[in-house]
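> show me the folded form of this:
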Amino acid sequence: MSSRNLIASIPVVTRLYCPKGLAMDLIKNSDTDDPSTNSNYELLNSAYVWQNGNVTNVEEDLEKGGSGYKSEEFSDQSTMNFLFFFYDAFKAEGDEQINLFLQIYEEYNELSQTYFKQSRWPAPEVVSHYFSNQDSHHLFLVLYKELYYRHIHTSFEPTFQERLSSFENYCNFFHCILSSKEAIKLELPHAWLWDIIDEFLYQFRSFSRRSKELNLDQDGTTCTSLSPQQWNVHIVLNVLHSLVEKSNINAQLQAYREGQDHQHVEAVAGGCGSLMLYKMLGYFSLIGLCRVHCLLGDYHQALNLLENVEINRKISAINSLLVLSLQLSS
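The predicted structure follows:
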């Protein structure tokens, strides 16, 4: 699906790993030949993946140049282990899943510092090859791409195409969240959810500045004219507003301010807003909207968006931290 179709499918609200070194070992029993449906499907210290009806050893496949991919794509065994564990986390639920994703997010940051200071993570098409027939393939790949392009923006100068590909991937992610008939039951850590919104806005600003600097591409065509829908401010605003509306976060915050009990807040939240994924994305989108309107110079609207956020309490906490830091430094 093209980014334009993805954008059109989002409801319009406004115009304006376990310990390191683990990988998946597919253990089959007599009941089924598909390890992914087996109750004995466990995490062990090896590198196998269920692919096209066969158990494939990824290390051997890479060494032999299987499927056209070179072993250099995976700089270390830890990278493969990380990817297998990342995918397997989608099979967990509730607190178990959020704990797994918290470990994965921490591991991603550590591996980025250890192995990918001077190089990119494995390309998404390489990673996709080994999980192409899995049920959770799409969402797994979307989240992997989010980390992949974020690392590029953090550590390198992204190409124009990489900036556009990152935008399209964000559209894919928000499309999954906003357009699903049923609420997505995905438990991501709050820090990861915040970083998704924060990085989405950072890349929007970065693209806006960069597209002004790059007047012409190699073909002599104006860069911005190639993709008028990509990183458009109205699309960014629409996504953030849609997340706020989907989560009913304003109604929830108002109920909290009025001192309503938990049952009332849950009733106000609705089916999606009661899930932490939607609730926190909605809350962080409020902050994101405030930031965007400040960039646009509309400070009045920026303050209006925070009407239900208890700013005084947060300012008090920030002031306390500043006082404490001054005392420690003196």
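> just for the stretch 1-150 of the chain, where's the confidence low?
1-76, 132-136 (pLDDT under 70).
> now do the strands in the stretch 101-250 of the chain.
For the stretch 101-250 of the chain, none of the segments meets the definition of strands by DSSP state E, counting those that start in this stretch.
> do you have the helices of it handy? List them.
For the stretch 101-250 of the chain, the helices defined by DSSP state H, counting those that start in this stretch occupy 124-129, 137-155, 160-179, 190-213, 223-226, 233-247, 249-257.
> which strands and helices sit next to the third one?
Counting contacts by 3 or more CB pairs under 8 Å, 6 or more residues apart in numbering; DSSP states H and E, helix 160-179 is packed against helix 3-9, helix 137-155, helix 190-213, helix 233-247, helix 276-295. C-betas here are computed from N, CA, C, even on glycine.
> residue 172: which of these is closest?
helix 137-155 (5.1 Å; CB to CB).
> got the angle for that closest one vs helix 190-213?
Inter-element angle recorded for helix 137-155 and helix 190-213: 60 degrees (by axes from the mean of the first three to the mean of the last three CA atoms, to 10 degrees).
> angle of helix 137-155 against helix 160-179?
140 degrees.
> and for helix 137-155, what's in contact with it?
Here helix 137-155 makes contact (CB atoms under 8 Å, 6 or more residues apart in numbering) with 83, 86-87, 90, 108, 112, 116-117, 120-121, 123-124, 127-128, 131, 134, 158, 162, 165-166, 169-170, 172-173, 176, 184, 186, 195-196, 199, 202-203, 206.
> quick check: which element contains the closest residue in space to residue 89 that isn't next to it in sequence?
Among residues not flanking residue 89 along the chain, residue 100 sits closest, at 4.0 Å (CB to CB, 6 or more residues apart in numbering). Assigned by DSSP states H and E, residue 100 belongs to helix 94-115.
> in that helix, what's buried?
97-98, 100-105, 107-108, 111-112, 115 (16 or more other CB atoms under 10 Å).
> and the closest residue to residue 200 other than its chain neighbours, how far is that from residue 301?
Once flanking residues are discounted, residue 200 sits nearest to residue 170: 5.5 Å by CB to CB, 6+ apart. The spacing between residue 170 and residue 301, counted by CB to CB, to the nearest Å, is 23 Å.
> can you give me the neighbour number for residue 162?
By other CB atoms under 10 Å, 16 other residues sit near residue 162.
> pull the contacting residues for it.
Residues in contact with residue 162 (CB under 8 Å, 6+ apart) are 149, 152.
> about what we covered before: show me which of residue 170 and residue 301 is the more surrounded one.
Each of residue 170 and residue 301 had its neighbours counted (other CB under 10 Å), and the higher figure belongs to residue 170 (26 against 15).
> correct me, but that one touches residue 197?
No: Residue 170 is not in contact with residue 197 according to CB atoms under 8 Å; the separation is 10.0 Å.
> and for the nearest residue to residue 116 once chain neighbours are set aside, the neighbour number?
Take residue 116 and drop its neighbours on the chain: the residue closest to it by CB to CB, 6+ apart is residue 151, 6.5 Å away. Residues within reach of residue 151, counting by other CB under 10 Å, total 18.
> look up how far residue 144 lies from residue 151.
Taking CB to CB, one finds residue 151 at 11 Å from residue 144.
> which among the contacts of helix 137-155 count as buried?
If we count by 16+ other CB under 10 Å, these have these buried: 83, 86-87, 90, 108, 112, 116, 121, 124, 127-128, 131, 134, 158, 162, 165-166, 169-170, 172-173, 176, 186, 195-196, 199, 203, 206.
> before we move on, back to that, what helices or strands is the helix holding residue 100 leaning on?
helix 77-88, helix 137-155, helix 190-213.
> single out the most deeply packed of those helices.
Ranked by mean neighbour count, the helices and strands packed on helix 94-115 are led by helix 77-88 with a mean of 22 (mean count of other CB atoms under 10 Å).
> I'd like the helices and strands packed on helix 160-179 as a markdown table, with distance to residue 268 appended.
What follows is these, written out as a markdown table (distance: least, CB to CB, whole Å):
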| stretch | distance to residue 268 |
| --- | --- |
| helix 3-9 | 27 |
| helix 137-155 | 28 |
| helix 190-213 | 21 |
| helix 233-247 | 11 |
| helix 276-295 | 11 |
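> for those helices, which one sits closest to residue 257?
Closest among these, once you apply CB to CB, is helix 276-295, at 13.7 Å.
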